[in-house]
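Colleague: Have a look at this prediction, sequence included:
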Amino acid sequence: MKVMGLALGPFETNTYIVAGSSSTRAVVLDPAAQTDALDDTLRRAGLAPEAVLLTHGHADHVSAAGEIARRHGIPVYLHPADAVWAFTAVNQLPPWYPPPEPPPEPPRSLEDGQRLSLAGLEWHVLHTPGHTPGSVCFHIPCEQTVFCGDLVFHGSVGRTDLPGGDADQLRASIRRLCELPASTRLWPGHGPQTTLAAELRFNPYF
């Protein structure tokens with residue numbers, strides 16, 4: 001598996017470009033900003049984007065999704081609980097983020113247990129609310145990898161004091177994540193990569 005991470009936008013959101021080892025197609029995960037930088041990275045890697053996957057709807061994770069989708073004619077995937085507001089005026093963070101540009105077509109729905117075959121990989125969708133109602137993780141079992149958005153960070157967890165946040169749901173989602181093998185690699189929405197084993201040992205929220 002190939003993973004290229006870029007910390008983009010005012011909040012240094014981790015945007016990932018992910019592809020199977022032999023694939024020439026890629027997934028763009030949580031495109032936060034700087035579409036030209038994303039396109040340049042794809043071009044240098046010899047990859048063509050196949051889809052945009054969104055872990056949740058906050059502006060610092062979706063603000064380049066519409067433009068990437070329009071440039072490349074590819075779909076955007078987002079859980080419906082976040083899709084209802086992600087590309088509307090309520091989802092802005094002035095002065096850093098204006099309302100995100102919507103994709104040309106409405107986002108395709110994600111649901112718990114769904115499986116997607118994209119970029120030479122099989123992605124398992126885990127609905128993990130708490131940070132937002134529609135937060136999801138993307139699990140790639142054959143790579144023992146989870147892209148966890150703002151559910152978990154190295155040594156911390158996502159905040160629950162924003163609209164739609166729910167601390168009880170977040171705790172339940174973390175317990176669900178803990179059912180995976182301890183060797184699972186976690187790629188969060190902000191900060192460095194970690195492992196489930198490390199978080200089980202050192203993260204006070206676990």
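Modeller: Sure thing, it's come through.
Colleague: what does the one helix or strand residue 27 maps to rub up against?
Modeller: Element membership for residue 27, per DSSP states H and E: strand 25-29. Contacts with strand 25-29, where a contact means Cβ atoms under 8 Å, 6 or more residues apart in numbering, come from 2, 15-19, 38, 42, 45, 47-55, 68, 118-121, 123, 138, 147. For every residue, glycine as well, the C-beta is placed using N, CA and C.
Colleague: repeat that with 6 Å
Modeller: For strand 25-29, the surrounding residues in contact (Cβ atoms under 6 Å, 6 or more residues apart in numbering) are 16-19, 47-53, 68, 118-119, 147.
Colleague: before we move on, what about stretch 98-108?
Modeller: Against stretch 98-108 from outside (Cβ under 6 Å, 6+ apart): 59, 62-63, 66-67, 69-70, 75-78, 83, 87, 89, 92.
Colleague: if we can go back for a sec, next helix or strand past the strand holding residue 27?
Modeller: Following strand 25-29 in sequence, per DSSP H and E, is helix 35-45.
Colleague: What segments of this protein are strands?
Modeller: Ranges of strands in the chain, per DSSP state E, are 2-8, 13-19, 25-29, 48-53, 76-78, 108-109, 115-118, 121-127, 136-140, 145-149, 152-153, 156-157, 185-188, 194-195.
Colleague: Let me have those in a markdown table, extended by mean neighbour count.
Modeller: Output for those, formatted as a markdown table (neighbours: other Cβ atoms under 10 Å):
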| stretch | mean neighbour count |
| --- | --- |
| strand 2-8 | 17 |
| strand 13-19 | 24 |
| strand 25-29 | 25 |
| strand 48-53 | 22 |
| strand 76-78 | 25 |
| strand 108-109 | 15 |
| strand 115-118 | 14 |
| strand 121-127 | 19 |
| strand 136-140 | 24 |
| strand 145-149 | 26 |
| strand 152-153 | 24 |
| strand 156-157 | 18 |
| strand 185-188 | 22 |
| strand 194-195 | 18 |
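Colleague: how about the residue positioned nearest the centre of the chain, phi and psi?
Modeller: Most central in the chain under Cα atoms, centre = their mean is residue 55, positioned 3.3 Å from the mean C-alpha point. Backbone torsions for residue 55, taken as degrees, to the nearest 10, come to phi -70, psi -30.
Colleague: before we move on, what about residue 102?
Modeller: phi -70, psi 150.
Colleague: what's the neighbour count on residue 176?
Modeller: Here the number of neighbours of residue 176 (other Cβ atoms under 10 Å) works out to 15.
Colleague: swap in the one 3 residues further on?
Modeller: A count of nearby residues for residue 179, using other Cβ under 10 Å, gives 8.
Colleague: same thing with the one 3 residues further on?
Modeller: By other Cβ under 10 Å, 13 other residues sit near residue 182.
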